[in-house]
Every structure is written in C-alpha cells, then in structure tokens.
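Trainee: sequence-free structure coming up:
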C-alpha cells in the first residue's frame, strides 16, 4: 500500500470514529487564540529612544539593545488613544519598567489606559508628599494589577551611592534626583498636582559613549542644587523639562550639560511662549540642535554606543524629508568659553608711602612678582625723559651725601652717586634713608653700583 493511500485510509477511519463517538464525549472546539497585543521587531543590538508627540505632556520609550523596555512618563489623558496604538508597534512583551517623573497629569494622564493595553512589571515614582487623591488612586489601581511600585530611595547600606538601574550590561539608568531619605527633599511651592516639581525624578541614561538626560519636571531649584553638588554630567541628548516655566533650563545648567541635541515636548502654544523661546535661545548659545514635537512630531534616536542618530517624524523647516542627524558620543565641539563680565574697578585707596628727604612720594603698591630664578648681574635703569630734564635733576641727586634712591616705576635701588640714579626724573624719585628701608620696599640692589 502506498503512503498516500495509507494516509487516506487513516483519515477516513478517524472521521468514522469521530462520528461514532457520543456527543457527550466529543472534545469541544478550542476557542480562537487571543490576538497578539505586541508587534515590535526583534532587538537589533542598538539603543532606541522614542520621544512621543503627546502635545503638552511627556512620554518617551527606551528600548535597550537586547529588547528591555522603559516608559518614561505616559503623557496626558488626551494622548491615551495615540499611545495605546503606538506602543504595541514597538513592544514585544510587557514593559519592564515605567517611570513617572512627577505626579502631574501631563506625566501620567494616559497611564491607566496604557497599562491595560500593554502591561508592565514595575513602576518607579518619586513618592512625594501631598499628592492629589486622583494620583494616589491611580497608584493603588496599578498595584492591584500586580505591578511592583517603588521609589528611588538610596540603599540604606550605601546611602551615598547613586541609585542605578541596570537595564542590561552596559546600559544604565542613574537617578540623579530625588534621593530621599538620604538627602532631604527640596522645598518649594506645590504645583497643580499638589507636589513640588523641584523633586521630580531626573534620570541619566548611558550606553557606551552616548547618554540622554531626562530632566523630568525639574525647576530652577533642582538645577541649582545638583549643580552645587556637582552631579550634572554632560549629555549627548537632553529631554528638556518645563520649557515654559520661569527659571528652568538656566544658562548655567545648559552649559554644564551642554547637550548636542535637545528635544522639547509641547503643543501649538510652545512657539508662542516667550519663556520657551528664551530656552531655545539658550540652547542655541551652547550649540545644541533642537527638536520640537509640535514641529517635528515623534523623534526617534538610535545609539550604537558611539553616536546617536536622530530621525524626526517631520523634518525641520527648510530640511528635506527623511533627514537624519548624527551626534557623536564624544563631543567634537571646542570647549565652551563663557563671556564673563569684568569685575568693577577697585575703590581708589591711598597706596602705602615711604618717607623722602624732600617730600613723601607714594610707592607703587602692586608690582609683578620677582623672578629670582634668573637674576642678571647688571641692571641699567633709564627713564624715558628728555635729556635736558635729566641733567637738571642730576645735580640734586648727586648733592645727596647719603641714603639710597630709586624710581617709583622700577624694582631696583641705587647709590645717589650712581650714573643710573641721575636719570631718575624728579616726579619718580624715591629716597630711602637706609639700605634696610630700601630692601623693605621690595626692591633689589642695582647691579651697576652695588648699593
């Protein structure tokens, strides 16, 4: 019997057996498999950061070279439809971590819908006091779904060490702020969410030579505090915080971070906000290329550990479609030179004086330090004065029977009989009664007359 005939007979017998089986013993048909909620591609060995266009809010997705994922903020409630459809296109499984940088609806408004769609394993939030009841209810609901909720508190065994989350080998998220209870929270006025934005989570993502600084909702107090502690580290990319808030993104902060590129989230009002325009001007002053989600849409950044390549959804005005921008991890730009205003001139105070036979002549108070490493054996002093005036003054110097003389502009002294002494003009003449007095004026004996 041929294999094909045998297969046909087997199928026929199976069909008959199925018909003869009582209905009560027949196996129920299995339900249709659930449609997959994840459609992302396989990891490609590069770090990907997606800065989503969520209007006046914050949302970014990190995908590590091996496919581990972090969602930094989830945008406002108005963005939930967009993120619920966009995130499954980029994920292959549930989120490994969600970071809520600040309990403001612009940072978490779409979270509930997002987690119902794609899920998450852990959630980190700053655990600030006096948060809104809606925010507290959100965290309660998230925890009830099995998501581990925690805060970035430093280890009790090493409170001085930074909180570092390792996504995989060579890819780290470092929490720069807050650091409670190891360090007290910053004081400041609560915002609309009922919590102080100066204590929002600030993150630094590093991979090889490249880095991204997520400034959260940082305020001027946050920047000043971390600058004072020396915790700002230059970053390749900067996710700009609060571009429309007075005092945020100060010149000192931007000069410390000195990003090569900066991404600003906002809606149509961003370009009309004078504070935001000031931030754009300061970013330009430190040489940063800027990308705005209201202009460029979603911005996709890819790092191979050596450089970042940015591709905006829409090109900037004047740029051709599908323009890509490359920013090396090791900043090739020359060091930033700050323009420092000269200090005000010092108040005029009478300089110290020395006693002269004829009158009191002021001694120059500020002189260049002496170079004692290479002294010359002979110093000849010449004033730039007309010869006639020198000769008129020579008689009075030579008539001195003792003491020592010097020019107020020179650092050596002479005997009155020295030929060089006769060249000192009367207005510059200093007379010392003793050699010790001349030495105390911080002068040296001349090499020609050896006084």
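Mentor: Perfect, thanks for sending it. Everything numeric here is computed off the predicted structure, so don't read it as measured data. Residues are numbered from 1 along each chain as shown.
Trainee: So what's the gap between stretch 311-324 and the chain middle?
Mentor: Mean C-alpha position of stretch 311-324 versus that of the full chain (CA atoms, centre = their mean, to the nearest Å) differs by 26 Å.
Trainee: For that stretch, buried residues please.
Mentor: Residues of stretch 311-324 classed as buried by neighbour count (16 or more other CB atoms under 10 Å): 312, 315. Any C-beta I mention is one placed from the backbone N, CA and C, and that applies to glycine too.
Trainee: now the helices for the stretch 201-350 of the chain?
Mentor: Using DSSP state H, counting those that start in this stretch, the helices found in the stretch 201-350 of the chain span residues 220-229, 251-257, 274-285, 293-296.
Trainee: nearest to residue 162, of these?
Mentor: helix 220-229 (11.2 Å; CB to CB).
Trainee: got the buried residues for that closest one?
Mentor: So, applying 16+ other CB under 10 Å, buried residues of helix 220-229: 220, 221, 222, 223, 224, 225, 226, 227.
Trainee: Count the residues that sit near the residue nearest to the second one when sequence neighbours are not counted.
Mentor: On the basis of CB to CB, 6 or more residues apart in numbering, the spatially nearest residue to residue 221 that is not a chain neighbour turns out to be residue 198, at 4.1 Å. Residue crowding around residue 198 was assessed by other CB atoms under 10 Å; the count is 25.
Trainee: Contact partners for residue 198?
Mentor: 186, 187, 188, 218, 219, 220, 221, 222, 225 (CB atoms under 8 Å, 6 or more residues apart in numbering).
Trainee: dump the residue contacts of the residue nearest the centre of the chain.
Mentor: With distances taken as CA atoms, centre = their mean, residue 257 lies nearest the centre of the chain, 2.5 Å away. Residues counted as contacts of residue 257 (CB under 8 Å, 6+ apart) are 213, 232, 233, 234, 235, 238.
Trainee: who's in contact with the second one?
Mentor: It refers to residue 232. 176, 223, 226, 253, 256, 257.
Trainee: what about 7 Å?
Mentor: 226, 253, 256, 257 (CB atoms under 7 Å, 6 or more residues apart in numbering).
Trainee: Look up the residues forming beta bridges with the closest residue to residue 301 other than its chain neighbours.
Mentor: Spatial nearest neighbour of residue 301, excluding adjacent residues (CB to CB, 6+ apart): residue 49 at 4.4 Å. Under DSSP bridges, the beta-bridge partners of residue 49 are residue 62, residue 301.
Trainee: Quick one: residues contacting residue 49.
Mentor: By CB under 7 Å, 6+ apart, the neighbours of residue 49 are 60, 62, 212, 301.
Trainee: And it, what's its pLDDT?
Mentor: With respect to pLDDT, residue 49 scores 98.
Trainee: Residue 420 versus that one, what's the distance?
Mentor: In this view, residue 49 and residue 420 are 74 Å apart by CB to CB, to the nearest Å.
Trainee: now the contacts of residue 232 in CSV, with distance to residue 428 and pLDDT?
Mentor: CSV is the format used below for the contacts of residue 232 (distance: CB to CB, whole Å; pLDDT from 0 to 100):
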residue, distance to residue 428, pLDDT
226, 55, 92
253, 52, 95
256, 50, 94
257, 54, 95
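Trainee: mind putting the residues you listed in CSV, distance to residue 90 included?
Mentor: Shown next, in CSV, are the contacts of residue 232 (distance: CB to CB, whole Å):
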residue, distance to residue 90
226, 31
253, 31
256, 32
257, 27
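Trainee: Going by distance to residue 121, which of the residues you listed wins?
Mentor: residue 226 (29.1 Å).
Trainee: For residue 134, which of the helices of the stretch 201-350 of the chain is the nearest?
Mentor: Once these are compared by CB to CB, helix 220-229 is nearest, at 24.1 Å.
Trainee: domain parsing for this protein?
Mentor: 47-328, 353-368+375-445 (automatic domain parsing).
Trainee: Confidence-wise, which helix or strand of this structure is lowest on average?
Mentor: Every helix and strand in the chain was compared by mean pLDDT, DSSP states H and E; the lowest is strand 361-362, with a mean of 36.
Trainee: Just name whatever secondary elements whichever strand or helix holds residue 166 is in contact with.
Mentor: For residue 166, the enclosing helix or strand under DSSP states H and E is strand 163-168. On a contact count with 3 or more CB pairs under 7 Å, 6 or more residues apart in numbering; DSSP states H and E, strand 163-168 meets strand 171-177.
Trainee: Which strands and helices lie in contact with the strand it packs on?
Mentor: strand 163-168, strand 202-207, helix 220-229.
Trainee: Strand 202-207 and that strand, what's the angle between them?
Mentor: 160 degrees (axes from the mean of the first three to the mean of the last three CA atoms, to 10 degrees).
Trainee: Flag the shaky bits of the chain, pLDDT-wise.
Mentor: 1-36, 189, 192-194, 337-401, 409, 427 (pLDDT under 70).
Trainee: Please state the backbone phi and psi of the closest residue to residue 191 other than its chain neighbours?
Mentor: Once flanking residues are discounted, residue 191 sits nearest to residue 197: 5.0 Å by CB to CB, 6+ apart. Note on residue 197: backbone dihedrals following degrees, to the nearest 10 are phi -70, psi -20.
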